[in-house]
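Engineer: sequence first, then the predicted structure:
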Amino acid sequence: MRRGLLRPLAPLSAPHLHPSLPLCPYKDVVPLPNPSQPGPTSPFTSNPRWVFATSLPPPAEWVEPFNDVSDIVATRQNLDPSPWVSQILNLLDGSPAMEANLSVYCHKFLIKLSPNFVSFILQSNKLREDPAIALRFFYWAGKQKSYAHSIECYVSLIAVLSLRGDVERILCVLREFKEMGFVMTVSAANSLIKSLGSVGIVDELLWVWRRMKENGIDPGVYTYNFLVNGLVNSMFIESAERVLEAMESGRTGPDVVTYNTMIKGYCKAGKTKKAMEKIKDMELRNVEPDKITYMTLMQACYSDGDFNACLGLYHEMEEKGLEIPDHAYSLVIGALGKDGKCAEGYAVFERMTQKGYKGNVAIYTALIDSYGKSGNMEWAIWLFQRMKNEGFEPDDVTYGVIVNGLCKGGRLEEAMEYLGFCKGNGVVVNAMFYSSLIDGLGKAGRVDEAEKLFEEMVEKGYPRDSYCYNALIDALVKCGKIDEALGLFKRMEEEGCDETVYTYTILISGLFNEHRNEEALKMWDMMINRGITPTAASFRALSIGLCLSGKIARACKILDELAPMGVIPETAFEDMINVLCKAGRIKEACKLADGIVDRGREVPGRVRTVLINALRKAGNSDLAMKLLHSKIGIGYDRMGSIKRRVKFRLLFEN
DNA sequence: ATAGGGTTAG
């Protein structure tokens, strides 16, 4: 009601504070007034200004984002947004004439947008979705007469830019921001630390932190938490750890969010064990773990393949009476399914429905997947029907696990039918459909069809992922087309699809099968050089090939090189001995077993059993008996004062 | 503020 007569004070003009910024676009866009354009109508038909304005054009009025600037302490919720807000938002359409339209509009209604108004608009959902418009609006507003952006304008703009990870523009805006020399406020610091943390600009984040302290602001727990989160998101785990320690010994103690964020950090760094231990720290400080604590840890255990731990966390959650999110059920059912315990997964599902939860598509999908993986497609399809009866629409992932299950069971025609159904009914066909089918066809010896499906993906422009490539490479290797497989490997590189440890494992064993030993070794080296961590399975492929081609020492040498990389294939020696025995090369197997002793390692009792059985199978029952009744590999033989284990080699001596 | 679906070798 006071509007129009009492003008708010205009911010001081500060033109010298707008340096030219080469990285910033739009700064040269000059708004052109366009009087011929049909202007929008005023939202204020009874605006007193229009009554009193006569001959002299009245000076433009600063508009605020909220109508009522009463003395009562008002929160944002009970304030009434000014009708100008929606009018200005309507003009922000991203068209080339946007700036011109804004200028014409403001000129026509004699308004100027105040810094508060600009900041409010920058926080609107519309601009959060379109950083390019936000940036253009910001630079347009900055050119208003006697206007200077407030600290909130910069902070809001940076928040918008951070949503899309636009690091370059953030740095550019930040440079300008720093030159403005604002006094840091708590809310600005919080928002900046959050934005910069989310995009990983840690040095600038720390600048904000220092600046905040310089301005005498004591960081509260929120500020600390944004800092920890920023550090964690940028994988500065140790720095985050130090901040947490500082909090633990300082005045602002960590809360559940701080711990959850730190736990997320450990999980991201693959240190699940350390993450788990944090629960104890929390309990020591009387900070109760909440559902997010448990969800973060459950997800990490699930990803690590530690399904037991995942299950244990779920039970702990239940015992504590915490609310169990839907996603927890997907994880538990998924974990049980991967352990082959689909019935137990179903029991969890039943318990869930008894509590009144209806479940969701993801939970049904996890359940269907677990039945499909255990070869129980009838149950899987029954659940699929039940899900639809409950009103859940299966999505591409659900169809994906159905197709995958059918392929695993060799029911390729049915799987193809599902693929056809999805193609015809608007279900997204993802790479998993194809990799499952290519794998299934390959396993059934139908390589030509597998190749055809792969080419279909190329034609239709579906991206091929490593799963598809690996499945086809495997299919080709299995039917002796090793050179075609190598060609595909090359194509994979050319297309920029990252090879995985599976790719190398398949090719290494394929090359050894064709007695192309040198090439197989080259593959191994290539894998190591590219920083792909070998697995126990990949070493098995290599060691089998090397052992069978008589290069046992070489295999042992490579095995020794794995330990510093943190790869310890537990059963490596056993596997090698097994392979040698199977090939009837028992003498070499014994030599290898002795080699283990020489390295000061334990020979598992199982190795003796393997050797005894191998000797029996080879028809050498005399030696088998001799080994059975001897202390070879177990007992000790006194040589001077040195105790030595009895060597397997003795078996072949008199 | 902090967590959130599925896949392949032997």
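Structural biologist: All right, it came through fine.
Engineer: with adjacent residues omitted, what lies nearest to A:M432?
Structural biologist: Once flanking residues are discounted, A:M432 sits nearest to A:G400: 4.2 Å by C-beta to C-beta, 6 or more residues apart in numbering. C-beta: built from backbone N, CA, C; applies to glycine.
Engineer: count of neighbours near that neighbour?
Structural biologist: 25 (other C-beta atoms under 10 Å).
Engineer: now do the contacts for it.
Structural biologist: Counting by C-beta atoms under 8 Å, 6 or more residues apart in numbering, A:G400 touches A:N430, A:M432, A:F433, A:S436.
Engineer: surely the third one meets A:E417?
Structural biologist: Right, the one you point to is A:F433. No - at 12.0 Å, A:F433 and A:E417 do not qualify as touching, with contact defined as C-beta atoms under 8 Å.
Engineer: does the one helix or strand the residue nearest to A:M432 maps to reach DNA strand B?
Structural biologist: Secondary structure assignment for A:G400, by DSSP states H and E: helix A:396-408. Yes - residues of helix A:396-408 are located near DNA strand B by C-beta under 7 Å from any atom of the strand, namely A:D396, A:V397, A:T398, A:G400, A:V401, A:N404.
Engineer: that helix: which residues count as buried?
Structural biologist: A:V397, A:T398, A:Y399, A:G400, A:V401, A:I402, A:V403, A:N404, A:G405, A:L406, A:C407, A:K408 (16 or more other C-beta atoms under 10 Å).
Engineer: one more: stretch A:136-148?
Structural biologist: A:R136, A:F137, A:F138, A:Y139, A:W140, A:A141, A:G142, A:Q144, A:Y147, A:A148.
Engineer: mind putting those residues into JSON lines with secondary structure?
Structural biologist: As requested, the buried residues of stretch A:136-148 are exported to JSON lines (DSSP: H, G, I helix; E, B strand; the rest coil):
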{"residue": "A:R136", "secondary structure": "helix"}
{"residue": "A:F137", "secondary structure": "helix"}
{"residue": "A:F138", "secondary structure": "helix"}
{"residue": "A:Y139", "secondary structure": "helix"}
{"residue": "A:W140", "secondary structure": "helix"}
{"residue": "A:A141", "secondary structure": "helix"}
{"residue": "A:G142", "secondary structure": "helix"}
{"residue": "A:Q144", "secondary structure": "coil"}
{"residue": "A:Y147", "secondary structure": "coil"}
{"residue": "A:A148", "secondary structure": "coil"}
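Engineer: reformat the residues you listed as CSV; add pLDDT.
Structural biologist: Below are those laid out as CSV (pLDDT from 0 to 100):
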residue, pLDDT
A:R136, 96
A:F137, 97
A:F138, 97
A:Y139, 96
A:W140, 97
A:A141, 97
A:G142, 96
A:Q144, 95
A:Y147, 96
A:A148, 95
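Engineer: okay, these in a markdown table with distance to DNA strand B next?
Structural biologist: Shown next, in a markdown table, are the buried residues of stretch A:136-148 (distance: C-beta to the nearest atom of the strand, whole Å):
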| residue | distance to DNA strand B |
| --- | --- |
| A:R136 | 27 |
| A:F137 | 24 |
| A:F138 | 24 |
| A:Y139 | 28 |
| A:W140 | 30 |
| A:A141 | 27 |
| A:G142 | 29 |
| A:Q144 | 32 |
| A:Y147 | 31 |
| A:A148 | 30 |
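Engineer: right, and out of those, which lies closest to A:E248?
Structural biologist: A:F138 (40.2 Å; C-beta to C-beta).
Engineer: please report the distance of the closest one from A:V221.
Structural biologist: For A:F138, the distance to A:V221 (C-beta to C-beta, to the nearest Å) stands at 31 Å.
Engineer: for A:A335, same thing?
Structural biologist: 34 Å.
Engineer: neighbour count winner among those two?
Structural biologist: A:A335 (26 against 14).
Engineer: find the nearest non-adjacent residue to the more buried one, please.
Structural biologist: A:F307 is the one closest to A:A335 (C-beta to C-beta, 6+ apart), at 3.8 Å.
Engineer: and what of A:K626?
Structural biologist: A:L651 (6.3 Å).
Engineer: and that neighbour, how many neighbours does it have?
Structural biologist: What A:L651 shows, counting by other C-beta under 10 Å, is a neighbour count of 21.
Engineer: and what of A:K271?
Structural biologist: 15.
Engineer: excluding its backbone neighbours, what's nearest it?
Structural biologist: A:I237 (7.8 Å).
Engineer: same check, this time on A:R540
Structural biologist: Leaving out its chain neighbours, A:R540 is closest to A:D575 (C-beta to C-beta, 6+ apart), at 5.4 Å.
Engineer: please list the residues of the stretch 351-500 of chain A that sit near DNA strand B.
Structural biologist: A:361-362, A:364-366, A:369, A:373, A:395-398, A:400-401, A:404, A:430-433, A:435-436, A:439, A:465-467, A:470-471, A:474, A:478, A:500.
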